[in-house]
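S.K.: got a predicted structure plus its sequence, pasted below:
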Amino acid sequence: MFNLPLAFDIASPAMLGWLAAAAAPVLIHLWSRRRHREMTWAAMEYLLAALRSSRRKIQLEQVLLLLVRVMLVIAVVTAVAEPLLERGLAIVAGQRTHRLLVIDGSFSMGYRPTDKSRFDQAKALAARIVEESPRGDGFTLVLSGAPPRAVVRTPVFEPRDFLREIENLKLPHATADLRATLDEVQRVLDDARREQHRLKRAVIYFVSDLCRVGWLPPGDSPAALAEIHERTKRLAKAADLVVVDVGQEDAENAAVTDLRAIEPFATVNREFPVEAVLKNFGRQPRLGQRVELWADGRQVRQQTVDLPPGEDVTVAFSDYRFESPGDHALEVRLQSDQLDIDNHRYLCVPVKPAVQVLCVDGRPSGDPLRGATGYLATALSPPGESPGQAAVHVEVVPESALLEAELAHYDCIFLADVAQFTANEAKVLDAYLQGGGGLVFFLGPQVVAERYNRQLARSGEGREPILPAELGGQPLTNPQHRLDPLDYAHPIVRDFRGQEKAGLLSTPVSTYVPLLLPKGTKAKVALRLGNGDPLIVEQPVHRGRVILVATSADRRWTLMPIWPSYPALVQEILSFAIGGQVQQRNLRVGEALGGTLPAAAGELRLDLPDGRKEKLRLAGQGDSSVWSYADTSTSGLYTARLGTAASRSDLFAVNVDPAESDLARLPPDALEKEIWPGIPFIHQVRWENAGQEPAGNVTPSNLLPQGLLYLALALLLLESLLARRFGHHT
């Protein structure tokens, strides 16, 4: 028993039914003979005598012409049926193959070792695999990333269409996610097996630079590695695996890994310091690297720094001021290198004339210091600053004005000793949080705990709870005059670390309302009482933040308002409450943009970093409209413009994940031992084995259909010549 070196199969066997058309010339020939009627007349006798002498020659010519016509039909039909001729001993003869190409879409593929990036090389290799595959094979395409994307989910059998999809691929600025990619590949493979039964064999090509960041789970988690192994093992049972490595050893790279604001908000004509963190991921020092600060598209500052290998370097720009309110964009640029994507980092800064704060006083008084918000307003906007120069503008209203106020005008709302809330007031506060505002609740003697719990701490009327904790009933007395900062872990108290003389830890709190945190809550405790009960609790709600303080904002329950730490603590609470507004404008690649607009808002357009523009659909939600955009695959600045005249515009900054800037490669033996142990796969190095056939064990010959078409053309010409020749005898 032995295997033949050549194998023949038909890609489209249904087309062979048309071979019956080869009988048409024979039938026409026979039918033509039946149409003749013999008539004898004198002149014909002489002609018939002449024909009898050459009958054999004429019959031979007719048979030859008939044979050429039959062969012409057979050649055309067989060519359309796409016969396959393959060489190879390792496969079943004539199998049609599903070739699933997985191209690495992480931004490390933008590295340029030559005039072409790794991504360009991967696209060229994928095109070559398609061009060298036998006719009749089906092709699908997955772009790996976070998340992965099936570019071509249904097998394509026309190479030109598939090559066009490869050519149109754009490199996302995302990171790789091997687990998610394997899941997407499995879905594409399963769909193809259900829908295309003629694809008997499958080959999966992973074209990647094999960066460790994309191929190993975070922290090298054993559980995650086991999941990756199990997923790959399942794929290996259904397909051959080929890993094509387009990476290089010792690739050098430096990046801007962070750009952060020192202050939580920016106001006009006040210094707004920022810090950029740079890192050299290579092994060679980078001396004299130019770092530039750009504001709204123009360079405003520049420094030169040295970057030691493997170390972070912080660069501070401390004296820049914004001259006008509105959304502004800051960008830090590092001197360009072979991977330019991570040499830029962006920061969107909403600049205000002043931070607008509304204080709702549950116990208003003619004497400001006798009301519930007197000390609070003073701490928010200390005396001595002129109204035009104050960074925080405070407005105090009674609780009865809550429904009348235009809450969207305010960045943060402080509610002090408000007795209770109605359902309408709870609805208004919920809408305010959907717009990204900050709410701070101080309790007090007038608070009705049950009404707070019913309207604010529990879900109702299609809304989620507003308060991060329920109120535990009657106020309690605290005999211990000491607070627990929980190791200063929370941003509200972080700046008090090392400032024990400020008096925070010794703040007298005589009375408080116990706060009950529900199980599984996302709420965090920022500060505790000495007995362990929470004093300050916070939680994000919708796009805003809510902070709940268990004691009063005045001197009724605590001496905190006259304590040295009080102004600083209130300022930190304000900063944290509105800090999320800046974070919502500064995202990472893959995170969705979004916002809330008035219900009567018109058309919304989005300007993308690559120059494209998209129209967005608004979804009604009560008295407002909500929009979102998830395709943030490119880093840079996004601008949402409202109305045809761009009456309002919101700026967003989208940055890459700096983890992908580490170009350290995964050695092939590590791939075999750590990630895919015991799983068979073929590893190829694109840069070294450019001439090696990617499938490893198949050498296709896809010229047979073309050859048959050329044969048909030749037979057509031969038939015309023979018909002309045989039809003009002397």
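M.R.: On my side now, so go ahead. Worth saying up front: this structure is predicted, and the values here are computed from it rather than measured.
S.K.: L651 and T639 touch, don't they?
M.R.: Yes. Using C-beta atoms under 8 Å, L651 is in contact with T639, at 5.5 Å. To be clear about C-beta, it is placed using only N, CA and C from the backbone, and glycine gets the same treatment.
S.K.: spatially central residue for the protein, please.
M.R.: Nearest to the geometric centre of the chain sits G590, at 3.0 Å (C-alpha atoms, centre = their mean).
S.K.: OK, contacts around that residue?
M.R.: 146-147, 174, 632-633 (C-beta atoms under 8 Å, 6 or more residues apart in numbering).
S.K.: wasn't it part of a strand?
M.R.: No. With DSSP: H, G, I helix; E, B strand; the rest coil as the criterion, G590 is coil rather than part of a strand.
S.K.: ok, it to P148 distance?
M.R.: Distance, G590 to P148, by C-beta to C-beta, to the nearest Å: 11 Å.
S.K.: over to G498?
M.R.: Distance of G498 to P148, computed by C-beta to C-beta: 46 Å.
S.K.: so which of these two has more stuff around it?
M.R.: P148 (24 against 8; other C-beta atoms under 10 Å).
S.K.: might one say that the more buried one is in contact with A180?
M.R.: Yes. Under the criterion of C-beta under 8 Å, P148 makes contact with A180 at 5.4 Å.
S.K.: excluding chain neighbours, what is closest to E614?
M.R.: Leaving out its chain neighbours, the residue that sits closest to E614 by C-beta to C-beta, 6 or more residues apart in numbering is L606, at 4.9 Å.
S.K.: what helix or strand does that neighbour sit in?
M.R.: For L606, the host element (DSSP states H and E) is strand 604-607.
S.K.: now tell me what touches the next helix or strand after that strand from outside.
M.R.: Using DSSP H and E, the next helix or strand after strand 604-607 towards the C-terminus is strand 613-616. Residues from elsewhere that reach strand 613-616 (C-beta under 8 Å, 6+ apart): 603-608, 627, 629, 640.
S.K.: of those, buried ones?
M.R.: 604-608, 627, 629, 640 (16 or more other C-beta atoms under 10 Å).
S.K.: next, the contact list for A202, please.
M.R.: 97-100, 189, 192-193, 238-240.
S.K.: buried ones only from those, please, as a PyMOL command.
M.R.: Applied in PyMOL, the following selects the buried portion of the contacts of A202 according to 16+ other C-beta under 10 Å:
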select buried, resi 97+98+99+100+189+192+239+240
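S.K.: which of the contacts of A202 lies closest to L330?
M.R.: Comparing these against L330 with C-beta to C-beta picks out L100 as the nearest, at 42.8 Å.
S.K.: how about the closest residue to P172 other than its chain neighbours, secondary structure?
M.R.: Excluding the flanking residues, the one nearest P172 by C-beta to C-beta, 6+ apart is S633, at 3.9 Å. When classified by three-state DSSP, S633 comes out as coil.
S.K.: S633 reaches L171, doesn't it?
M.R.: No. In this structure, S633 is not within contact of L171 by C-beta under 8 Å, at 9.0 Å.
S.K.: please enumerate the helices of the stretch 501-650 of the chain.
M.R.: Here the stretch 501-650 of the chain has its helices, by DSSP state H, counting those that start in this stretch, at 566-583.
S.K.: residue ranges with poor pLDDT in it?
M.R.: 598-602, 620-623, 643-647 (pLDDT under 70).
S.K.: again, 90 this time
M.R.: Applying pLDDT under 90 to the stretch 501-650 of the chain flags residues 501-503, 518-521, 542-543, 579-585, 594-604, 615-628, 641-650.
S.K.: please, which helix or strand holds R725?
M.R.: Per DSSP H and E, R725 falls inside helix 704-726.
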